[in-house]
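Visitor: quick one: sequence plus predicted model below, questions after.
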Amino acid sequence: MPGRIPENILEDILSRVDIVEIISGSIPLRRAGRNFKALCPFHHEKTASFMVSPDRQIYHCFGCGKSGNAFGFLMEYERLEFLEAVEALAKKAGIMLPEAEKQDAKTVSLVTQLYKINELTAFFYAQNLISAQGAPARNYLLGRGIKEETIKLFKLGLAQDKWDALISHLRAKNISLSLLEKAGLILNKEGGGYYDRFRNRIIFPIFDIKSRELAFGARVMDNALPKYINSPETPIYIKGRNLYGLHLAREAIKEADYAVVVEGYLDFIMPYQEGINNIVASLGTALTAEQARLLKRYTQNIVMIYDSDKAGELATLRSLDIFIEEGINVKVASLPQGFDPDSFVRKNGAAAFKVKIKEAQNLFDYKLNILKARHNIKEPEGKARIASDMLPTIKKFKNLILRAEYTRKFAEALNVAEHYVAEELQKIKEDRPYTGLNEPPSKKALNINPTEKLLIKLMLEEAEFINRIKDNLEPADFQDERISRIVSIIFDLMKDGQEIVPHKLINHLKGQDDILQVVCESTFLPEVSGQDREKIVDDCIQRLKNERLRLKRQHLHEEIKTAQLLGDEEKLGRLMQEFHLLVTAKAQKDK
Ligand SMILES: [Zn+2]
């Protein structure tokens, strides 16, 4: 709930951290005049419309409308609850939160409880693995070439061959069955009661970017099926939103400026252990748009290495189109038949793996090779089939030069005249709208009277203007309902003697994203230079006053018409007098 932590503490935290430093720790920011800008991390875009203001300590995206202060950024980007974001920044700012609030943060949020349960669970499984009874599992891992320190680094664990080992362990810590069920760790028995989801398996905790345990994967130690089972989706774990290992790999990815993408836990762990640290695993057969965007925070270049079997090929092809849509450069490395990254590195070593990465093909050649293996490129029908698979991919390139280049290469490969390929390409519908896991970002034009927006901006820059506006206008004089709410909040805060600056005002707007967006967008209006400011404020006030008068006259005019129609002489007389006063008052002022 808002306001649980005293406002002055929130403000104290905000005044000691720098939003530019916080955001640039997550995404690269570029200077743009007084502000910084970046490709928005919250929606798909090609030109930067995400702005950060060091002066006002806020961010705003002109593409999708996401806005806020440092707390808001952490909540949105790291998917934290409000109190968690406050805790994180308090720590950074070196501010102690009152104990009671911290306690609240713990008991309030289901999300926090689930993280805690997962942490305890991971620890429990890890202990099992290093205990005496874990010896066979440990030997199994060592036998697969996984070193002791790797087991530790990835917090690998063991679920015992028992129905209730985890249940009894966590019940003894007073964790309720209903929470364990929400965490996806236990399952309902048909006759009532519960049992452990993971039994007799090696456990791979799945971490988020902050190294918190999100969920678990579990692998058998023999040839039993299914080879892997995973946590179901929970309030903190949504499949396809994370990349396994990114919490460890992101620095290396930034540094190398490319990421190696593999499919499974062991495909990740083995190369990582052998020194290839710019690597992540998708944990699914195809990469999602959200995963692609997650990677784009660190690099624009990706080398995919999937299994060389058919399933891997298809997964790669589906992923490729997602990368193209995200504007990421993709290459695909192939391993010899029968190998996956895990077995390849174990048998041939990291150096040979690096060679494979170096030899990765660009996606056009890769896809064409697969299609050529499936259809006969010498036959007309074969050409048509290959074209119908290949053209939609070429069409996905937003960059027209790349598109033209691949069209040319493709015509060459098919051995047909280029203009036929170009014509076929024309026939394919322009790309369907972007579909990520998140809401499709629509260009939300705020469509607010610029005068009203400008007044908000100026009020947030100089308290003196608030007084001047308050003396002349009511919140209701602002035609936009959102602006009118903001003005009334600003007036109230002013009355309480509070300092009114955007990043602090935002703390009072929790749960009101529509007006938060208005505040932030107004803040980023072009700067108004010093000597003109007062005059501009007065002009704006006058314009709104005139507008108020105009509306009042219009309203009176309509009432008069109605009174005439109804023959209400008494009312008509009163209205006419009022109208007269209004008009003469205006005439007076205009002199
Ligand atoms: Zn955006």
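Guide: In hand now; what should we look at? Residues are numbered from 1 along each chain as shown.

Visitor: need the residues of the protein near the ion, please.
Guide: Counting by C-beta under 5 Å from the ion, the chain comes close to the ion at 40, 42-43, 61, 63-64. To be clear about C-beta, it is placed using only N, CA and C from the backbone, and glycine gets the same treatment.

Visitor: mind listing what's buried in stretch 391-403?
Guide: 391, 393-397, 403 (16 or more other C-beta atoms under 10 Å).

Visitor: and if you look at stretch 199-215?
Guide: The neighbour-count check on stretch 199-215 (16+ other C-beta under 10 Å) flags 199-209, 212-215 as buried.

Visitor: the ion: which of those is nearest?
Guide: If you rank those by distance to the ion using C-beta to the ion, residue 209 comes first, at 19.0 Å.

Visitor: the closest residue to that closest one other than its chain neighbours: how many residues sit nearby?
Guide: Nearest residue to residue 209, sequence neighbours excluded (C-beta to C-beta, 6 or more residues apart in numbering): residue 247, at 5.3 Å. Each residue near residue 247 was counted by other C-beta atoms under 10 Å, and the total is 16.

Visitor: OK, contacts around residue 247?
Guide: 207-211 (C-beta atoms under 8 Å, 6 or more residues apart in numbering).

Visitor: for the ion, see how far away it is.
Guide: Distance of residue 247 to the ion, given as C-beta to the ion, to the nearest Å: 24 Å.

Visitor: that residue in helix, strand or coil?
Guide: helix (DSSP: H, G, I helix; E, B strand; the rest coil).

Visitor: still on that earlier bit, now for the residues of the chain next to the ion: which two are most distant?
Guide: Using C-beta to C-beta, the pair of the residues of the chain next to the ion lying farthest apart is 42 and 63, separated by 8.6 Å.

Visitor: now, which of the buried residues of stretch 199-215 sits nearest residue 5?
Guide: residue 212 (21.8 Å).

Visitor: ok, then the element right after the lowest-mean-pLDDT helix or strand in the chain?
Guide: Across the helices and strands of the chain, mean pLDDT, DSSP states H and E gives its lowest value to helix 99-108, namely a mean of 55. Next helix or strand after helix 99-108 toward the C-terminus (DSSP states H and E): helix 110-130.

Visitor: buried ones in the helix or strand following that next one?
Guide: Later in the chain than helix 110-130, the nearest helix or strand by DSSP H and E is helix 135-143. Buried positions in helix 135-143, judged by neighbour count with 16+ other C-beta under 10 Å: 137-138, 140-141.

Visitor: CA-only coordinates of helix 135-143, as PDB, when you get a sec.
Guide: Output of helix 135-143 as PDB, limited to C-alpha atoms (Å, rounded to 0.1, in the frame of the first residue of the first chain):
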ATOM      1  CA  ALA A 135      27.100 -39.400  -3.300                       C
ATOM      2  CA  PRO A 136      25.600 -41.300  -6.300                       C
ATOM      3  CA  ALA A 137      24.100 -38.100  -7.700                       C
ATOM      4  CA  ARG A 138      27.400 -36.200  -7.100                       C
ATOM      5  CA  ASN A 139      29.300 -39.000  -8.900                       C
ATOM      6  CA  TYR A 140      26.800 -38.800 -11.700                       C
ATOM      7  CA  LEU A 141      27.500 -35.100 -12.200                       C
ATOM      8  CA  LEU A 142      31.300 -35.500 -11.800                       C
ATOM      9  CA  GLY A 143      31.100 -38.300 -14.300                       C
END
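
Visitor: off-centre distance for the next helix or strand after it?
Guide: Using DSSP H and E, the helix or strand that follows helix 135-143 towards the C-terminus is helix 148-153. Relative to its parent chain, helix 148-153 has a centroid offset of 31 Å by C-alpha atoms, centre = their mean, to the nearest Å.

Visitor: ok, and what's touching the next helix-or-strand element following helix 148-153?
Guide: Reading on from helix 148-153 to the C-terminus, the next helix or strand found by DSSP H and E is strand 157-159. With contact meaning C-beta under 8 Å, 6+ apart, strand 157-159 is reached by 122, 124-129, 134, 137, 165-166, 196, 198-203, 205, 218.

Visitor: give me the distance from strand 157-159 to the chain's centre.
Guide: With C-alpha atoms, centre = their mean, you get 32 Å for strand 157-159.

Visitor: buried sites along that strand?
Guide: 157-159.

Visitor: for residue 360, state which of the residues you listed is nearest.
Guide: Residue 360 has its nearest neighbour among the buried residues of strand 157-159 in residue 157, at 33.8 Å by C-beta to C-beta.

Visitor: nearest residue to the closest one in space, please, no chain neighbours.
Guide: Nearest to residue 157 is residue 125, by C-beta to C-beta, 6+ apart, at 2.6 Å.

Visitor: and the gap between that neighbour and residue 271?
Guide: 24 Å (C-beta to C-beta, to the nearest Å).

Visitor: the residue of the stretch 201-350 of the chain found nearest the ion: which element?
Guide: Closest approach between the stretch 201-350 of the chain and the ion, counting by C-beta to the ion: residue 293, at 11.1 Å. Following DSSP H and E, one finds residue 293 within helix 289-296.

Visitor: what's downstream of that helix, the next helix or strand?
Guide: Assigned by DSSP H and E, the successor of helix 289-296 is strand 301-305.

Visitor: partner strands of that next one, with direction?
Guide: strand 259-262 (parallel), strand 329-333 (parallel) (DSSP bridges).

Visitor: adding mean neighbour count and mean pLDDT, write these out as JSON lines.
Guide: Converted to JSON lines, the strands paired with strand 301-305 look like this (neighbours: other C-beta atoms under 10 Å; pLDDT from 0 to 100):
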{"stretch": "strand 259-262", "mean neighbour count": "28", "mean pLDDT": "94"}
{"stretch": "strand 329-333", "mean neighbour count": "22", "mean pLDDT": "87"}
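
Visitor: about what we covered before: out of the buried residues of stretch 391-403, which are inside helices?
Guide: Within the buried residues of stretch 391-403, residues falling in helices by DSSP state H are 391, 393-395, 403.

Visitor: same list, these, but as TSV with pLDDT please.
Guide: What follows is these, written out as TSV (pLDDT from 0 to 100):
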residue	pLDDT
391	90
393	86
394	88
395	86
403	87
